[in-house]
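Student: prediction below, plus the sequence it came from.
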Amino acid sequence: MGMKAQYKIMQMVVMVLAIFLFFILVGIFLINSQSQGLKESSDNLKRAQTISSIESLANSPEFSCGSTESWCVDSDKLHIMSGELGKEYSDFWQISSIEVLSIYPNNQTDVIECPGEGCNYYKIYDNNQPNKETYSAYISLCERKSRLIVECQLAKLIVGVKNV
Amino acid sequence: MYKKAQQEMVGFVLIVIVVVIALLVFMIFKISQPAKVYESISVDNILQGVMHTSSQCKVSQKSGYQKIEDLFEDCYDNKRCMNTDSMVCDELNVTLKQIFDEILFTDNQVSAYELNTKYNYEEDSQDQFTIINGNCSSKVYGSNPYIISLGNDGDISVDLKLCMAN
């Protein structure tokens, strides 16, 4: 009789342990999925902040088309800024680099730095920071052909920031 | 004693079967659900950039190249491109495909895209065209609809979905 009772107790202990383990596993699964959602929203927030910072840069008087349209960069201003003038601004922007890469229309398979024929890449400035991370957003790179005609390319504004 | 052991075994097997069925139902439910589309400001940014890009189509001799956004309106009006002598709708389709293929080629975060356009008038909605390319094995991010107004004729809404790595 004593043996049977012991056996019953053991059986119950095993059962309780199994249920306990089962709920632990379910808990781990739930915590994991919850933390994934949290990480996702943190990534989204980070991405939104980055894009908003790039938008402010694109809308600054040094680059913007001057219209009410946001994300519009004037290609003539870009030509000027990619010269010596861009370097003068390095203290003003306090970022590692600013580059613009034309995406469409693009007849080149290689990256050709502007100024130059068929160029598709503008380096505004780069302080050659060894440890930097780049973020980018899409812009309209527009050129005023005449009083009424404006033509726009799809381009990417790439900003480098110091990796901390 | 032997009969009781048999009864316990049957009970155990029943519990295992119930758990397996519950797991199967859960798995089938998970698999049959359509892929979740996450909202992303990056996709809105790409769609806005594309809409403001100039095409290779001129609808009148004096005008410049039409923006993609304007081509949707011209396509609805069944216009022709003066410089290429093709229908605006064909030109729009080709240009959008070229732009998104270029994004696919240059942006290593994007592995696939799907662009849907819908014509809306009052309560009615009619699909216009869809452009898809690439293979998706990561998360799908979607844009807010980009609305192009057609005045009293309703509007066209454009949706973009991108398969992007984090």
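Tutor: Sure, I can see it. Numbers count the residues shown, from 1 in each chain, chains lettered A, B, ... in the order given.

Student: any idea how far B:Ile41 is from chain A?
Tutor: 5 Å (CB to the nearest CB, to the nearest Å). For glycine as for every other residue, the C-beta is placed from the backbone atoms N, C-alpha and C.

Student: read off the pLDDT value for the closest residue to that residue other than its chain neighbours.
Tutor: Leaving out its chain neighbours, the residue that sits closest to B:Ile41 by CB to CB, 6 or more residues apart in numbering or on different chains is A:Ala48, at 4.8 Å. On the pLDDT scale, A:Ala48 is placed at 85.

Student: now for the most centrally placed residue in chain A: which residues touch it?
Tutor: Chain A has A:Tyr135 as the residue nearest its centroid, 4.3 Å off, counting by CA atoms, centre = their mean. A:Tyr135 makes contact with A:Thr50, A:Ser53, A:Ile54, A:Ile158, A:Val159, A:Val161 under the criterion CB atoms under 8 Å, 6 or more residues apart in numbering or on different chains.

Student: pull the most distant pair out of the residues you listed.
Tutor: Across the contacts of A:Tyr135, no pair lies farther apart than A:Ser53 and A:Ile158, at 12.6 Å, counting by CB to CB.

Student: which one of these two has more residues nearby?
Tutor: Between A:Ser53 and A:Ile158, counting by other CB atoms under 10 Å in any protein chain shown, A:Ile158 is the more crowded of the two (18 against 15).

Student: so which strand or helix has that one?
Tutor: Assessed by DSSP states H and E, A:Ile158 sits inside strand A:150-162.

Student: give me the contact status of that strand with chain B.
Tutor: Yes. For strand A:150-162, a contact with chain B is found by CB under 8 Å from any CB of the partner chain, at A:Val150, A:Glu151, A:Cys152, A:Gln153, A:Leu154, A:Ala155, A:Lys156.

Student: quick check, A:Ile9 in a helix?
Tutor: Yes. Counting by DSSP: H, G, I helix; E, B strand; the rest coil, one finds A:Ile9 located in a helix.

Student: give me the number of residues near it?
Tutor: Using other CB under 10 Å: A:Ile9 sits among 10 other residues.

Student: ok, now which ones touch it?
Tutor: So, once contact is read as CB under 8 Å, 6+ apart, A:Ile9 ends up touching nothing.

Student: up against chain B, what does chain A have?
Tutor: Within chain A, the residues that sit near chain B (CB under 8 Å from any CB) are A:40, A:43-44, A:47-48, A:51, A:69, A:71-72, A:101, A:103-106, A:137-140, A:142, A:145-146, A:148-156.

Student: pretty sure B:Gln66 sits against B:Cys57.
Tutor: Yes. With contact defined as CB atoms under 8 Å, B:Gln66 and B:Cys57 form a contacting pair (5.2 Å).

Student: who touches both of the two?
Tutor: Taking CB under 8 Å, 6+ apart as the criterion, B:Gln66 and B:Cys57 both touch B:Asp74, B:Val88.

Student: between these two, point out the one with more neighbours.
Tutor: B:Cys57 (27 against 24).

Student: shaky segments in chain A?
Tutor: Residue ranges of chain A with pLDDT under 70: A:1, A:67, A:164.

Student: could you pull out the strands in it for me?
Tutor: Remark: strands assigned in chain A by DSSP state E are A:72-74, A:97-104, A:121-126, A:132-144, A:150-162.

Student: so the fourth one versus strand A:150-162, what angle?
Tutor: Put simply, strand A:132-144 runs at 160 degrees to strand A:150-162, going by axes from the mean of the first three to the mean of the last three CA atoms, to 10 degrees.

Student: strand partners of strand A:132-144, parallel vs antiparallel please.
Tutor: Applying DSSP bridges, strand A:132-144 is found paired with strand A:72-74 (parallel), strand A:150-162 (antiparallel).

Student: would you put the C-alpha positions of that strand in CSV?
Tutor: Only the C-alpha atoms of strand A:132-144 are listed here, as CSV (Å, rounded to 0.1, in the frame of the first residue of the first chain):
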residue,chain,number,x,y,z
LYS,A,132,30.5,56.1,-39.4
GLU,A,133,27.1,54.7,-40.2
THR,A,134,25.1,55.9,-43.3
TYR,A,135,21.4,56.5,-43.5
SER,A,136,19.5,57.4,-46.6
ALA,A,137,16.2,58.6,-47.9
TYR,A,138,14.7,59.2,-51.4
ILE,A,139,14.5,62.7,-52.8
SER,A,140,13.5,64.4,-56.0
LEU,A,141,16.5,66.0,-57.6
CYS,A,142,15.0,68.7,-59.7
GLU,A,143,16.4,71.0,-62.4
ARG,A,144,14.5,74.1,-63.7
